[in-house]
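[1] No letters, just coordinates:
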């Protein structure tokens, strides 16, 4: 007779057999599902390969292999990246720089998918890839390898077989391959494509020594890593982190890179168009990929990341951490050797205009009335000049009598600068005592017009962000007379124009809460270069 103790081993064996049967059935189901999926791919291979002909099409089709748990959300910026990568593939671009925010598929598209896509057409291409951290370089290299090894890829392109499988150094049967190294080992290989994905970390750029080391390695070693200097491509994907990062070096040296700049929030003045792309956004502040990061998420990111990280990593502005300032002296002075210097007064220009930011009351805690005179030259390229400035506390009724002197100064400067269209008049904020001035100008038949309400409604920081691209490109420079001028204001003798423009901080204003001249500087950039861009676009 069998006891309960004797039956335990039998029950355990039956349970084990049941579990084994379930495991076998599950594995068989997985294999069948895999075979069915493989058969489906094979049956539709021609159609899928056709959809993968363009890079953006390949991204859509291959996304489930790279990110199986994340739905793919297509956006126009992927098409923009794809157009430039197609041009690289077609040997139309040899130097490519892309600035875009975190979380926008920068590494996934370029560092992971691009090589796998090119191998469907040119499997012999070799990739040399790098990042500031070895782990990140190897991560993207491994994803590239795994994509090529996937059943999906092999069913569509069975001729691309790997003969070496190391995550950071693999090769296919056509001698194509990929090697991934940290940026510090940039001289450890070469290829047809050098892909530099984030050469700086946020910590490294805070060290002048590390920053100099990275930029030196780039200048001395990067281009020599290409097999063919005429046809192969050097590609840089990164966020802006510092004025002297790799992007800053490229700008300073005037290197011929095709630049794709994609800020999280649209800023008209920083828009860069290429032969293959123009940003479709038209409204200031319009988000890059609202389905992925919408207004609520963007607002949270601004708070959690802080003003410096948002400006650099998300908005692609070249800004040092110590300068949560909008602009610095290098933006409004010209580099001459080792020094920054003002420029001479222009002898020829297209026109001169005055801009006024008025206040109504006097007193040390009251705003003053700021006036600036600016020249614009459109040839050979748009360039603005700060000719003169004035800052004073004037009662509204006295401003009326002062307005003719503003016009007279404008006429004088137009003659001195050889303005082809003479003095164009004054633009005045249509608020406070500015309304009184505009009425007086109309009665006296003086050329004064109100600044557009939409521009005034943007607010000081909004205007500063909108004109930051013009300013960072040195499109408005101070003349020596404006730079050397000092004036007593609220008991202090200083160059208030230079001080206000270079000391205005995000969210804080200026140390002494004086920003009249900063405001007219922003207005001048937007009025002169915004209209210049409009005119150019209509040609």
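    Looks like it came in fine. Note that the structure is predicted; figures quoted are calculated from it, not measured.
[2] Please make it C-alpha for all contacts and neighbour counts, starting now.
    Noted.
[3] Can you name the helix or strand that residue 163 falls in?
    strand 162-166 (DSSP states H and E).
[4] for the very next helix or strand once past that strand, what is the average pLDDT?
    As assigned by DSSP H and E, the chain's next helix or strand after strand 162-166 is strand 169-172. Looking at strand 169-172 alone, the average pLDDT works out to 97.
[5] just checking, what packs against strand 169-172?
    Counting by 3 or more Cα pairs under 8 Å, 6 or more residues apart in numbering; DSSP states H and E, the packing neighbours recorded for strand 169-172 are strand 162-166, strand 177-182.
[6] Including mean pLDDT, mean neighbour count and distance to residue 68, could these go into TSV?
    Below are those laid out as TSV (pLDDT from 0 to 100; neighbours: other Cα atoms under 10 Å; distance: least, Cα to Cα, whole Å):
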stretch	mean pLDDT	mean neighbour count	distance to residue 68
strand 162-166	95	15	22
strand 177-182	96	24	24
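[7] Just the strands from the stretch 251-400 of the chain, written as ranges.
    258-261, 334-336, 339-341, 351-357, 369-377, 383-392 (DSSP state E, counting those that start in this stretch).
[8] Tell me which of those sits nearest to residue 23.
    strand 258-261 (51.1 Å; Cα to Cα).
[9] Residue 233 contacts residue 192, correct?
    Yes - the criterion here is Cα atoms under 8 Å, and residue 233 meets it with residue 192 at 6.5 Å.
[10] what's the overlap in contacts for the two?
    Listed as contacting both residue 233 and residue 192 by Cα atoms under 8 Å, 6 or more residues apart in numbering are residue 226.
[11] With adjacent residues omitted, what lies nearest to the residue nearest the centre of the chain?
    Residue closest to the mean C-alpha point of the chain, counted by Cα atoms, centre = their mean, is residue 316 at 3.3 Å. Excluding its sequence neighbours, the residue lying closest to residue 316 (Cα to Cα, 6 or more residues apart in numbering) is residue 240, at 4.9 Å.
[12] Likewise for residue 294?
    residue 287 (7.2 Å).
[13] residue contacts, that neighbour?
    Counting by Cα under 8 Å, 6+ apart, residue 287 has contacts 264, 265, 266, 293, 294, 295.
[14] Reformat those residues as a markdown table; add distance to residue 43.
    What follows is these, written out as a markdown table (distance: Cα to Cα, whole Å):
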| residue | distance to residue 43 |
| --- | --- |
| 264 | 41 |
| 265 | 43 |
| 266 | 44 |
| 293 | 37 |
| 294 | 39 |
| 295 | 43 |
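[15] Which of those lies at the shortest distance from residue 162?
    residue 293 (37.3 Å).
[16] Grab the nearest non-local neighbour of the closest one.
    Here the residue nearest residue 293, using Cα to Cα, 6+ apart, is residue 287, at 7.8 Å.
[17] What's opposite that neighbour in the beta bridge?
    residue 265 (DSSP bridges).
[18] pLDDT score for it?
    96.
[19] Residue 280 too?
    Note for residue 280: predicted pLDDT of 95.
[20] how far away is it from residue 76?
    8 Å (Cα to Cα, to the nearest Å).
[21] what does residue 225 give?
    32 Å.
[22] neighbour-wise, which of the two wins?
    Using other Cα atoms under 10 Å, the more surrounded residue of residue 225 and residue 76 is residue 225, with 20 against 13.
[23] The residue lying closest to that one once chain neighbours are set aside: neighbour count?
    Once flanking residues are discounted, residue 225 sits nearest to residue 190: 4.3 Å by Cα to Cα, 6+ apart. By the criterion of other Cα under 10 Å, residue 190 has 20 neighbours.
[24] contacting residues around residue 190?
    Applying Cα under 8 Å, 6+ apart, the residues contacting residue 190 are 127, 128, 224, 225, 226, 227.
[25] rerun that using 7 Å as the cut-off
    Residues in contact with residue 190, defined by Cα atoms under 7 Å, 6 or more residues apart in numbering, are 128, 225, 226, 227.
[26] Highest neighbour count among those?
    residue 128 (25 neighbours).
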